[in-house]
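**Student:** My questions are about this predicted structure, shown below with the sequence.
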Amino acid sequence: MNIIVRIADVIDAPIITEFNAAMALETERLKLDPERLAAGVKALLVDPAKGFYCIAELNGAVVGQLMITYEWSDWRNATFWWMQSVYVLPVYRKQGVFKALYRYIESLACNQGLVCGLRLYVEQENDRALKTYEALGMTRSHYQMMEVGFKMK
């Protein structure tokens with residue numbers, strides 16, 4: 001299987017939007033507002049300061065994606081890259097698509113020079129995902145995530 005991974009461009013916005021909606025529905029049973037989602041995807045694609053998306057293609061078709069956002073670490077004087085919006089079409093799962101995306105990001109981060117690590121959120125009960133990430137060399141953090149949400153206008 002020849003999986004090609006590349007940085008996404010604004011022309012990829014519709015498929016990224018579609019994948020994000022599918023992921024939210026699958027993982028959190030959440031139906032996202034299509035207009036807000038599309039605007040959010042485009043906002044990141046046109047502003048590199050926010051992050052970037054990577055796309056995995058197989059035979060010219062997009063089969064997976066992930067988004068990178070940034071977290072500055074004053075302790076390390078470097079940046080963590082956060083993997084978010086990870087999605088692989090169900091029919092292509094367990095075929096190396098995420099691994100190709102991960103290795104691509106890992107290589108970019110290591111060659112960039114000021115990236116001190118990769119992080120991601122994962123549902124605590126998502127054993128399949130946890131095993132996938134651990135098989136790639138990731139470890140569970142000792143941090144617990146906390147949040148407060150605000151109502152968006």
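**Tutor:** Good, I have the coordinates. Model, not experiment: these values are computed from the prediction.

**Student:** Next, the buried residues of the lowest-mean-pLDDT helix or strand in the chain.
**Tutor:** When the helices and strands of the chain are scored by mean pLDDT, DSSP states H and E, helix 127-135 comes last with a mean of 89. Neighbour-count burial for helix 127-135, with 16 or more other C-beta atoms under 10 Å as criterion, is recorded at 132, 133. Placement of C-beta: from N, CA and C, glycine included.

**Student:** what do you get for stretch 40-47?
**Tutor:** Buried, per 16+ other C-beta under 10 Å, within stretch 40-47: 40, 41, 44, 45.

**Student:** list the contacts for the second one?
**Tutor:** So that's residue 41. Counting by C-beta atoms under 8 Å, 6 or more residues apart in numbering, residue 41 touches 13, 16, 17, 20, 53.

**Student:** How about the contacts made by the second one?
**Tutor:** By C-beta under 8 Å, 6+ apart, the contact list for residue 16 reads 8, 41, 45, 53, 55, 65, 85.

**Student:** Given the strand ranked longest in the chain, what are its sheet partners and their directions?
**Tutor:** The single longest strand within the chain, with elements called by DSSP state E, is strand 61-73. Using DSSP bridges, strand 61-73 pairs in its sheet with strand 52-58 (antiparallel), strand 78-88 (antiparallel).

**Student:** which outside residues touch it?
**Tutor:** Applying C-beta under 8 Å, 6+ apart, the external contacts of strand 61-73 come out as 3, 8, 12, 15-16, 19, 44, 50-57, 79-89, 92, 97-98, 100-102, 105, 116, 119.

**Student:** do the same with stretch 96-107
**Tutor:** The contact list for stretch 96-107 (C-beta under 8 Å, 6+ apart) reads 1, 3, 5, 54, 56, 58, 63-66, 68, 81, 83, 86, 88, 118, 132, 136.

**Student:** re the thing from before, out of the contacts of residue 41, who's the most crowded?
**Tutor:** Each of the contacts of residue 41 was scored for neighbours by other C-beta atoms under 10 Å, and residue 16 scores highest at 25 neighbours.
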